[in-house]
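Undergrad: Sharing a sequence plus its predicted fold:
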Amino acid sequence: MTGDGTRQDDLPGESRIVLVTGASGAGRSSSLAALEDLGYETIDNLPLRMVPKLLEGGALVHPLALGIDVRNRDFSTDATLELIDVMTALPEIDVDLLYLDCAVDVLVRRYSETRRRHPLAPSEQPALGIQRELELLAPIRERADVLIDTSEMTPHDLREEISRWFAHERGGALAISVHSFSYKRGLPRGVDMVFDCRFLRNPHWNPLLRQKDGRDPAVADYVEADPRFDPFFVKARDLLISLLPAYVEEGKTHLAVAFGCTGGQHRSVATAEKMAKTLAEAGWPVSKRHRELERRGSVAPAAFETLGREVTGA
């Protein structure tokens with residue numbers, strides 16, 4: 001990983017390894033599944049002493065993700081930190097430590113909902129095990145290269161965040177995701193650029209359009225008929241297209257662009273749809289996501305809708 005947080009391209013003969021750890025219940029298994037979908041070979045709960053043997057055969061064919069937590073047979077804080085130091089010192093390995101964090105009350109609720117026993121408190125209240133585990137993991141958390149707080153994340157949000165950090169295309173392509181959202185619910189996680197569409201006239205106040213959304217041609221026409229729309233859209237488009245090659249040169253593999261409005265149903269959706277289509281027509285791999293439509297069930301949250309070339313991990 002570079003100093004500014006962008007992903008590096010693989011160097012010849014270099015092996016990419018992601019160590020995935022964090023509090024039990026914070027999303028480690030889901031993160032490993034997301035990494036597997038991105039082309040990583042994943043191994044969970046491998047004894048720490050066995051990890052060096054994975055590296056004896058030279059560069060790995062595929063990037064590797066290793067799940068590490070208190071259930072590992074020989075887990076200890078010191079042993080984990082020592083492993084991180086050893087791997088980081090090897091020039092042929094590009095290693096990142098991914099730590100999944102989560103608020104204590106959320107972890108307690110998740111254990112209550114699933115009725116699972118905490119590995120550090122199998123016959124006690126989960127809260128006791130959670131506290132013990134967080135104390136054990138505190139020094140490891142401080143070493144994290146990537147820290148993701150999953151407290152308010154859905155599984156889809158977590159998958160998206162994993163893709164944002166670890167999606168990798170050997171051809172150096174920049175994958176763009178275009179989002180729409182409601183300012184009432186806050187900014188989407190992990191977006192790089194945000195545009196505010198609330199100055200445009202609102203189809204919500206048109207009874208014929210209120211129940212539709214920005215994917216409907218009638219709504220899109222209504223939004224685009226605002227005389228302020230074209231100057232805004234052209235400037236946003238030109239800004240993005242002028243910056244994208246620079247992001248590619250810097251090694252960035254994913255860029256998230258978001259358009260927001262009051263309800264996240266009309267103006268932001270229409271603008272995001274148009275921008276996604278425009279960028280795809282310009283030859284960029286583009287995916288799109290409408291957060292509020294997902295919440296209402298109007299869009300399936302399982303995956304992005306992808307335009308243009310296929311986007312790895314989208």
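TA: Done, it's in.
Undergrad: Only C-alpha atoms from now on, for both contacts and neighbour counts.
TA: OK.
Undergrad: Going by neighbour count, which residues in stretch 142-152 are buried?
TA: For stretch 142-152, burial by neighbour count (16 or more other C-alpha atoms under 10 Å) applies to 144, 146-148, 150-151.
Undergrad: okay, how far is it across that stretch, tip to tip?
TA: Using C-alpha to C-alpha, to the nearest Å, the end-to-end distance of stretch 142-152 comes to 21 Å.
Undergrad: Report the distance from it to the chain centre.
TA: Centroid displacement of stretch 142-152 relative to its chain, using C-alpha atoms, centre = their mean, to the nearest Å, is 12 Å.
Undergrad: Give me the mean pLDDT for that stretch.
TA: For stretch 142-152, mean pLDDT rounds to 88.
Undergrad: Residues touching it, excluding its own?
TA: Outside stretch 142-152, the residues within contact range by C-alpha atoms under 8 Å, 6 or more residues apart in numbering are 26-27, 96-103, 106, 141, 158, 161.
Undergrad: Identify the farthest-apart pair in those.
TA: Greatest spatial distance among these (C-alpha to C-alpha): 96 and 106, at 25.9 Å.
Undergrad: Same drill for these two, tell me which one is more crowded.
TA: Applying other C-alpha atoms under 10 Å to residue 96 and residue 106 shows that residue 96 carries more neighbours, namely 21 against 15.
Undergrad: So the more buried one sits against residue 19, correct?
TA: Yes: at 6.2 Å, residue 96 counts as touching residue 19 under the criterion of C-alpha atoms under 8 Å.
Undergrad: related to what we said a few turns ago, can you put the buried residues of stretch 142-152 in CSV and add distance to residue 201?
TA: Shown next, in CSV, are the buried residues of stretch 142-152 (distance: C-alpha to C-alpha, whole Å):
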residue, distance to residue 201
144, 45
146, 40
147, 39
148, 37
150, 35
151, 35
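Undergrad: Packing partners of the host helix or strand of residue 86?
TA: Using DSSP states H and E, residue 86 falls within helix 77-89. Helices and strands touching helix 77-89, by 3 or more C-alpha pairs under 8 Å, 6 or more residues apart in numbering; DSSP states H and E, are strand 93-101, helix 126-141.
Undergrad: Output the longest one as PDB, nothing but the C-alphas.
TA: Looking back up the chat, that one is helix 126-141. The C-alpha trace of helix 126-141 is given here as PDB (Å, rounded to 0.1, in the frame of the first residue of the first chain):
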ATOM      1  CA  PRO A 126     -21.000 -12.700  25.300                       C
ATOM      2  CA  ALA A 127     -20.200  -9.200  26.600                       C
ATOM      3  CA  LEU A 128     -17.400 -10.600  28.800                       C
ATOM      4  CA  GLY A 129     -15.800 -12.400  25.900                       C
ATOM      5  CA  ILE A 130     -16.100  -9.300  23.700                       C
ATOM      6  CA  GLN A 131     -14.300  -7.200  26.300                       C
ATOM      7  CA  ARG A 132     -11.500  -9.800  26.800                       C
ATOM      8  CA  GLU A 133     -11.000 -10.100  23.000                       C
ATOM      9  CA  LEU A 134     -10.800  -6.400  22.400                       C
ATOM     10  CA  GLU A 135      -8.200  -6.100  25.100                       C
ATOM     11  CA  LEU A 136      -6.200  -8.900  23.400                       C
ATOM     12  CA  LEU A 137      -6.500  -7.300  20.000                       C
ATOM     13  CA  ALA A 138      -5.800  -3.700  21.000                       C
ATOM     14  CA  PRO A 139      -2.000  -3.800  20.100                       C
ATOM     15  CA  ILE A 140      -2.800  -5.600  16.800                       C
ATOM     16  CA  ARG A 141      -5.500  -3.000  16.000                       C
END
